[in-house]
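Student: Here is my input; please provide its structure:
(one chain, ligands or ions: 1)
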Amino acid sequence: MTDKIVANLIKAEYQRQCEGLELIPSENYVSQQVLDSMASVLTNKYSEGYPNFAALDGSDDAVVDATGADFRYYGGQENVNKIERLAIARARRLFRADHANVQPHSGAQANNAVYHAWLEPGDTVLAMDLGHGGHLTHGAAVTQSARIYHFVNYHTRADGDIDYDELARLAQEHRPKIILVGYSAFTKLPDFARVVEIGRQVSQCLLMADMAHVAGLIAGDVHPNPLDFGFHVMTTTTHKTLRGPRGGLILSKGKVSNPLRRPEYRLENIPTLIDRAVFPGTQGGPLEHVIAAKAVAFHEALQPEFKDYARRVVANAKSLAIALQERGFQLIGGGTENHLILINMIESYGIDGKTFERSLDKIGLTLNANAIPNDTRKAFEPSGVRLGTPALTTRGLSPAEMEQIADWLQKCAEICVGRRDVAEYAVLREEVRALALRFPLPGGAA
Ligand code: DSN
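Tutor: Next up is the predicted model:
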């Protein structure tokens, strides 16, 4: 029997996405084949363990045809093994990695697995402060990782860039087992070479990059790849700029060996230490329907059009940043070098980020309230908002539309401070809807 309630709610969400514009920088719209793979019978299958790791350097056909014993705990894996090998091979190709673990259910799971692979309880991790653009799983006090490991934080400088001098000083002082670079609200390109130089002065220090936000920009060659500079590990989600299904991914450099045997605790063995930390260390059965969708997304990201997409994401973000500044918005870091913009709403218009987020919701523009560096306000009602262009760019919007979006943001801010009438919301809502309907979603039509 059909569950009409859920079916109708999915339809309503499709309509919301079609008629609105998505400015949350960590969201995107996936292709029909990514959607179809997730909605497939692969969800019926259990596949604890790993496929064999043969022929991963070959063509897609060679990868699919490769034979060899797998490392699975259940039968019936002949198709799943091919799919997971394809996902691994394509991820390695895309990011120039020696190994890829495609099983993490999320970015948080990916990060926790890397910690589990390399750390003992109480070991030190040097990571960006959450309030300066880091992520919850980088040691925020409320998280599980903060109860197990010892996190020391570095920060951004007044110009919005990483305080590399502080990072170097803290690395010398605390001798961390992991230095973690990677951010959820940061608008610059990290200097990976400098971090590698700092990390090499600390023995047994794993260099880890959480590239969840910018993985698609790395795949599209418009953002540096930490693995090219000597980082050992890169984690990411697969659904942000990378435009795949909701999930996680761990890429690494080093030797790949049989995951059924524990290798020596050495940096060069990190690929297999991570495989064992994902399963059985921190997860059970992999989600093979999601892994199939990851394989499809990696295939899409390997096409030349994806490089063009990544270039347009950054061009749109830069255009939007300029248009916002022209309308009185104060941007952290003075602009953007990637897909993301962080606005200080208190300084810009004297309103908090949550008030502005709710105001934009009324007209079908979606972004999120976000802390800014050294924010004195509560996390739920912080001083800033965070927005970006990955989703808009997927729908085909260009710099011309960024001017229009900046206008809408300005008008909503002016309504919030009483310079315009709230009755204008209805007019703005229709304007947003009209523009949105000109740029259809790539997949999901009922
Ligand atoms: N929720 C993600 C983001 O929006 O950046 C991070 O986990």
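
Student: Low-confidence stretches in the stretch 301-446 of the chain?
Tutor: 446 (pLDDT under 70).

Student: and whichever residue of it sits closest to the ligand, what are its bridge partners?
Tutor: The nearest approach of the stretch 301-446 of the chain to the ligand comes at Asn368, 6.9 Å away (CB to the nearest ligand atom). Heads up, the C-betas are built off the backbone N, CA and C, glycines and all. Beta bridges link Asn368 to Arg386, judged by DSSP bridges.

Student: which residues touch it?
Tutor: Ile24, Gly353, Glu357, Val385, Arg386, Leu387 (CB atoms under 8 Å, 6 or more residues apart in numbering).

Student: Secondary structure element holding Ser184?
Tutor: Under DSSP states H and E, no helix or strand contains Ser184.

Student: phi, psi of the closest residue to it other than its chain neighbours?
Tutor: Leaving aside its sequence neighbours, Ser184 sits nearest to His135 (CB to CB, 6 or more residues apart in numbering; 4.8 Å). Here is the backbone geometry of His135 (degrees, to the nearest 10): phi -120, psi 160.

Student: Distance check, His135 against the ligand.
Tutor: From His135 across to the ligand, the span is 6 Å (CB to the nearest ligand atom, to the nearest Å).

Student: What residue, apart from its backbone neighbours, is nearest Ser26 spatially?
Tutor: Computed as CB to CB, 6+ apart, the closest residue to Ser26 that is not its neighbour in sequence is Lys240, at 4.7 Å.

Student: Could you single out the nearest of the contacts of Asn368 to Ala91?
Tutor: Ile24 (24.4 Å; CB to CB).

Student: So the closest one lies in a helix, does it not?
Tutor: No - according to DSSP: H, G, I helix; E, B strand; the rest coil, the state of Ile24 is coil, so it is not within a helix.

Student: so it makes contact with Pro390?
Tutor: No - Ile24 lies out of contact with Pro390 (CB atoms under 8 Å); the separation is 9.0 Å.

Student: Between the two, point out the one with more neighbours.
Tutor: Ranked by neighbour count (other CB atoms under 10 Å), Ile24 and Pro390 place Pro390 first, with 32 against 16.

Student: Might one say that the more buried one is in contact with Tyr29?
Tutor: No - the criterion here is CB under 8 Å, and Pro390 misses it with Tyr29 at 9.0 Å.

Student: Now do the shared contacts for those two.
Tutor: Arg243.

Student: Can you check what pLDDT the model gives the closest residue to the ligand within the stretch 101-250 of the chain?
Tutor: Closest approach between the stretch 101-250 of the chain and the ligand, counting by CB to the nearest ligand atom: Ser184, at 3.9 Å. pLDDT recorded at Ser184 is 95.
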